[in-house]
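> need a structure here:
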Amino acid sequence: MALWALSLIVLLGVIVILAREWLPIGVVGIALPFLLIALGLSDTSTAMGYFISEAIVLIPCVYILGDALFEVGIADRLGGEIKKLSERTKGGGEPMVLLLIILASGAACFVLPRYGVTGALMPVVVAIARSTKISRTKLLLALALAANIWGNNTLMSTPPNMLANGVLEDIGAMTFGFFEYALIGVPIAISGTLVLVLLGKKILPENIDENKAFDGSPDENGGGAQTAVPGWKVVATCVIFSIFILGIMFEDSIGIKGHITGMFCVAALIVCRIVTEKHAYSAVGWGTTFFCAGIQVLGKAVETSGAGEMIASVTLQVLGTTPNPFLITGVMFCAGAVMTQFMSNTGAAGILFPIGISIASSIGADPRAVIMAVVMGCGSSFMTPMATPSNAMVMEKGGILFRDFVRSGIPLMIATAAVCIIGIPLIWPFFD
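The predicted structure is shown next:
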């Protein structure tokens, strides 16, 4: 069988496995290199080399440093401030409470992973619901959706963002800067915020009546008692995290790669006893890390076997001989947006990146524009509970149903698609 056919079979198999959730993504990531080596689609040094690449080493560092911010109570302090502000603005009504929750979640998402922000703020939002008598269903769904619309503005916001840089670096293209995602991410976030605040009464459900709801568990009332953290640990964590952010932002100027800075900062956290070695290990999403490595191996196999060029050729035939950049952006965005509703955004991005690279190569376009369309499509996790952990986390606590995600997600998806299709080709021109 031709190599391109084998690589396509593996690619389709991965899509089915992820969509049906037959195997954890970590298992898929670890198994892929061995399968591709056995099928002759990759050699051992290439396949194993991705597990120690810069992008893959950086991912655990992001997990550990983000978790440290929660450990020292910085996230809890943020939640407390939200509650105070909401209590002061009762006169502003429901739209003001929604806006405060959305903006607080959005601000936290600039430095913390979206699922972490959702988890940390859930008890606070429930307490706000009890205080304001606004249904927790509405506020918790708004919290999860806010984390999604605001959680794609920096290099470390989500694994697909870091994976995108790894893919671009692998083909010798210019990578994205730390805050470059915000050029399109902020307009998306603003449009999504307006949708939630202005249409909240129509699209956000009220399945739980706060006048009747009662749950005496500690987290329902804003969280239980928390062990006091020494002030020096809070300061030290902020300093270390700032060094990490600045190191990544200015890695070209200082001549030190971002993953080296990340490892240094993680070591500093452990030496200062802010986190233990055991806790640091447990904080890492190893499944995501391994999957990112494995899917890059598959992406390389799709590229080198000729399958990517074949898919790109078919796509271009559909798009026409002189493809319009706005049309290509729309197609790649929609592909990512559809796939991410039924599998992890990391999985969807890993599958689409090599196809996008092949399309860009076939028409002589800047691959960064196509990759950005994929990233933003895969970040549009609005319409199903399985699209992202943030959505799944709020379902039980908020009494949120599958159809609630669809109802609220459709207008968000329309707004996001419009911003991306118009904005991406203008910010990152396909052709010089």
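> centre of the chain to the top helix by length along the chain, how far?
When the chain is parsed with DSSP state H, its longest helix is helix 402-427. Here helix 402-427 is found 15 Å from its chain centre; the criterion is C-alpha atoms, centre = their mean, to the nearest Å.
> ditto for stretch 158-169
Worked out by C-alpha atoms, centre = their mean, stretch 158-169 lies 11 Å from the chain centre.
> buried stuff in it?
158, 159, 160, 161, 162, 163, 164, 165, 166, 167, 168 (16 or more other C-beta atoms under 10 Å). Any C-beta I mention is one placed from the backbone N, CA and C, and that applies to glycine too.
> surely residue 377 is in contact with residue 331?
No: assessed by C-beta atoms under 8 Å, residue 377 is found out of contact with residue 331, at 9.6 Å.
> neighbour count for those two, which is higher?
residue 377 (29 against 20; other C-beta atoms under 10 Å).
> that one in helix, strand or coil?
helix (DSSP: H, G, I helix; E, B strand; the rest coil).
> OK, contacts around it?
For residue 377, the contacting residues are 332, 333, 334, 335, 336, 337, 340, 348, 352, 420, by C-beta atoms under 8 Å, 6 or more residues apart in numbering.
> list the helices and strands the longest helix of the chain packs on?
helix 136-150, helix 182-203, helix 325-340, helix 367-378 (3 or more C-beta pairs under 8 Å, 6 or more residues apart in numbering; DSSP states H and E).
> so which of the ones you listed is nearest residue 84?
Nearest to residue 84 among those is helix 136-150; the distance by C-beta to C-beta comes to 16.0 Å.
> roughly how far does the nearest residue to residue 36 once chain neighbours are set aside sit from residue 356?
Nearest in space to residue 36, with sequence neighbours left out and distances taken as C-beta to C-beta, 6 or more residues apart in numbering, is residue 42 at 4.2 Å. To residue 356, residue 42 is 20 Å away according to C-beta to C-beta, to the nearest Å.
> more neighbours: which of those two?
residue 356 (29 against 25).
> test my guess that the more buried one contacts residue 332.
Yes: counting by C-beta under 8 Å, residue 356 sits close enough to residue 332 to count as a contact (5.6 Å).
> quick one: common contacting residues for the two?
In contact with both residue 356 and residue 332: 370, 373, 374, using C-beta under 8 Å, 6+ apart.
> just curious, which of these is nearest to residue 151?
Out of the shared contacts of residue 356 and residue 332, the member with the shortest distance to residue 151 (by C-beta to C-beta) is residue 374, at 16.3 Å.
> number of nearby residues for that closest one?
29.
> for it, list the residues it contacts.
Residues near residue 374 by C-beta under 8 Å, 6+ apart: 160, 164, 332, 333, 335, 336, 349, 352, 353, 356.
> could these be laid out in CSV, adding pLDDT and distance to residue 290?
Output for the contacts of residue 374, formatted as CSV (pLDDT from 0 to 100; distance: C-beta to C-beta, whole Å):
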residue, pLDDT, distance to residue 290
160, 85, 15
164, 90, 18
332, 89, 26
333, 93, 27
335, 86, 24
336, 87, 21
349, 84, 15
352, 85, 19
353, 88, 17
356, 87, 23
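> what residues of the helix or strand that contains residue 31 count as buried?
With secondary structure defined by DSSP states H and E, residue 31 is part of helix 25-38. Neighbour-count burial for helix 25-38, counted by 16+ other C-beta under 10 Å, picks out 25, 26, 28, 29, 30, 32, 33, 35, 36, 37.
> what secondary structure does the nearest residue to residue 161 once chain neighbours are set aside sit in?
Of all residues not flanking residue 161 in the chain, residue 155 sits nearest, at 5.4 Å (C-beta to C-beta, 6+ apart). Three-state assignment for residue 155 (three-state DSSP): coil.
> list the contacts of residue 155.
When contacts are counted by C-beta under 8 Å, 6+ apart, residue 155 touches 161, 162, 165, 176, 177, 178, 179, 180, 181, 248.
> mind listing what the second one touches?
Contacts for residue 162 (C-beta under 8 Å, 6+ apart) come out as 55, 58, 59, 62, 155, 156, 292.
> now it, nearest residue through space, not along the chain?
Distance criterion C-beta to C-beta, 6+ apart; nearest residue to residue 162, sequence neighbours excluded, is residue 55 at 5.2 Å.
> go ahead and confirm that neighbour touches residue 292.
Yes: here residue 55 lies in contact with residue 292, judged by C-beta under 8 Å, at a distance of 7.1 Å.
> joint contacts of those two?
By C-beta under 8 Å, 6+ apart, the residues touching both residue 55 and residue 292 are 162, 163, 166.
> ok, which stretches of the stretch 1-150 of the chain are helices?
3-20, 25-38, 44-49, 54-71, 74-88, 93-109, 114-132, 136-150 (DSSP state H, counting those that start in this stretch).
> check the contacts of residue 155 and tell me the two furthest apart.
Pairwise over the contacts of residue 155, using C-beta to C-beta, the maximum falls at 162 and 179, 14.0 Å.
> which of the helices and strands in this protein ranks last by mean pLDDT?
Here the helix or strand of the chain ranked lowest by mean pLDDT, DSSP states H and E is helix 74-88, holding a mean of 64.
> enumerate every residue touching residue 203.
By C-beta under 8 Å, 6+ apart, residue 203 lies in contact with 195, 196, 407, 408, 411.
> would CSV of the residues you listed with pLDDT and distance to residue 140 be doable?
What follows is the contacts of residue 203, written out as CSV (pLDDT from 0 to 100; distance: C-beta to C-beta, whole Å):
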residue, pLDDT, distance to residue 140
195, 95, 17
196, 94, 13
407, 93, 15
408, 93, 12
411, 95, 18
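> what's the closest of those residues to residue 424?
Using C-beta to C-beta, residue 195 comes nearest to residue 424 of these, at 19.4 Å.
> I figured the closest one hits residue 413, correct?
No: the pair residue 195 / residue 413 is not scored as a contact, 9.9 Å apart, by C-beta under 8 Å.
> quick one: low-confidence parts of the stretch 101-250 of the chain?
The stretch 101-250 of the chain contains residues with pLDDT under 70 at 113, 115-116, 120, 213-227.
> hang on, the earlier thing: buried only: go through the contacts of residue 374 for me.
If you count burial by 16+ other C-beta under 10 Å, the buried members of those come out as 160, 164, 332, 333, 335, 336, 349, 352, 353, 356.
> tell me which two in those are the farthest apart.
Largest separation among those by C-beta to C-beta: 164 and 335, giving 15.0 Å.
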